[in-house]
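[1] Sequence and computational prediction follow.
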Amino acid sequence: MTQLHVEEHAATALPEAGWGPLAGLPGHPMMWVLIASELAVFGALIVAFGIAGALEPDLFAAGRARLDPLLGGINTLVLVTSGFLAAMAVAAADAGRGRTARLHVAGAILLGGLFVVVKLVEYQAKFAAGIGIETDSFFTLYFLVTGFHLLHVVLGMVILAAITVTDADLRTGTTFWHMVDLVWVVLYPLVYLAG
Amino acid sequence: MRPSPVRTWLILVVLTLATMAVGLPATAAPWLAGLVVLALALAKGRLIVLDFLELRHAPPLWRGLVTAWLWGVTGLAFLAGLVPLLLAA
């Protein structure tokens, strides 16, 4: 039986002293390379969405009016709660409570699954209303940005599951998960509410 | 000392509910609602960065980079919402 574990945290040790500027970060340093590149890509998408919205404000206002901000809000609650369970898992693993950590990771993955279900319900409602990726530039960007994020939610669930199964460093997986959470708390107001 | 995840989560839930309360109803001042919901997103993102991503005690360079990303994207989103109003004025 494998035991979930966490590397000594940055606050108390520099576990990868040979990693230069990446030393001292929670989780594996290479995960931070991935996170930095993901934040750059999501940043570019957010900039594109913002500029497109500034160029076509009426179109974007009409597009937002056809979204369901309640589902977006519910999914925000789901994802921050999932992130909370991931943080609780790390705290449990730090305290040597492997089984508790494993249960919390499972809960985080399940809530990730709920996020996916809510998002698919939302997409289905759009398709049923005759709205697709080619409807207009707002919906092209809506499906592109939220779909790209959705893929990251699924990838994050796979990473969390893989780490639980393979006994890799738990923080490496939860760090990716929190990045996915961070991007969503910005996307929610930008896509569904702002402007 | 690491903040309790429970405390961070409760604040995130309250800020999200506040976002939904401000953002859901139609408002006479959409730019103000936009400012409030993006400020709430900034506050939520900062909590995730510092407490969940555990960058509070990480090297200042990384804390600064991720925090700058957060300020950058929320700031730009607000400015993008403001441009049409300025052009119309």
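    Received the coordinates, thanks.
[2] Enumerate every residue touching the residue nearest to A:Phe60 when sequence neighbours are not counted.
    Leaving aside its sequence neighbours, A:Phe60 sits nearest to A:Gly53 (C-beta to C-beta, 6 or more residues apart in numbering or on different chains; 4.2 Å). Placement of C-beta: from N, CA and C, glycine included. Shown in contact with A:Gly53 (C-beta atoms under 8 Å, 6 or more residues apart in numbering or on different chains): A:60, A:138, A:195, B:80-81.
[3] List the buried residues of the helix or strand containing B:Pro84.
    In this assignment (DSSP states H and E), B:Pro84 forms part of helix B:60-88. In terms of neighbour count (16 or more other C-beta atoms under 10 Å in any protein chain shown), helix B:60-88 has its buried residues at B:62-63, B:65-67, B:69-70, B:73-74, B:76-78, B:80-81, B:83-84.
[4] How far off centre is it?
    Centroid displacement of helix B:60-88 relative to its chain, using C-alpha atoms, centre = their mean, to the nearest Å, is 10 Å.
[5] Do I have it right that B:Leu15 meets B:Val37?
    No. Counting by C-beta atoms under 8 Å, B:Leu15 does not reach B:Val37; the two are 10.1 Å apart.
[6] The two: which is more packed in?
    B:Val37 (28 against 20; other C-beta atoms under 10 Å in any protein chain shown).
[7] B:His57 falls within a strand, correct?
    No. B:His57 is assigned coil when assessed by DSSP: H, G, I helix; E, B strand; the rest coil, not a strand.
[8] How about residue 50, nearest residue that isn't a chain neighbour?
    Since no chain was named, I'll use chain A. Nearest non-adjacent residue to A:Gly50, counting by C-beta to C-beta, 6+ apart: B:Ala80, 3.4 Å away.
[9] Hmm, no, I was thinking of chain B.
    In space, B:Leu50 is closest to B:Arg56, 4.3 Å off (C-beta to C-beta, 6+ apart).
[10] Check the burial of that neighbour by counting its neighbours.
    13.
[11] pretty sure it is touching B:Val66, no?
    No. Checked against C-beta under 8 Å, the pair B:Arg56 and B:Val66 is beyond contact range at 11.3 Å.
[12] any idea of the mean pLDDT for the helix holding B:Pro84?
    Helix B:60-88 comes out with an average pLDDT of 91.
[13] tell me the secondary structure for the residue nearest to the spatial centre of chain B?
    Nearest to the mean C-alpha position of chain B, by C-alpha atoms, centre = their mean, lies B:Leu42 at 1.7 Å. What three-state DSSP gives for B:Leu42 is helix.
[14] State the distance from it to chain A.
    In this structure, B:Leu42 and chain A are 8 Å apart, going by C-beta to the nearest C-beta, to the nearest Å.
[15] Check whether that residue really touches B:Val73, as I assumed.
    No. Using C-beta under 8 Å, B:Leu42 makes no contact with B:Val73, being 9.3 Å away.
[16] Assumed A:Pro26 was part of a strand.
    No. The assignment for A:Pro26 by three-state DSSP gives coil, which leaves it out of any strand.
[17] Not counting sequence-adjacent ones, nearest residue to it?
    B:Glu54 (4.4 Å).
[18] The one you found: how many residues sit nearby?
    B:Glu54 has 22 nearby residues by other C-beta under 10 Å.
[19] confidence score at the residue lying closest to A:Trp19 once chain neighbours are set aside?
    Leaving aside its sequence neighbours, A:Trp19 sits nearest to A:Pro29 (C-beta to C-beta, 6+ apart; 4.3 Å). pLDDT recorded at A:Pro29 is 89.
[20] Relative to A:Gly20, how far out is A:Pro29?
    9 Å (C-beta to C-beta, to the nearest Å).
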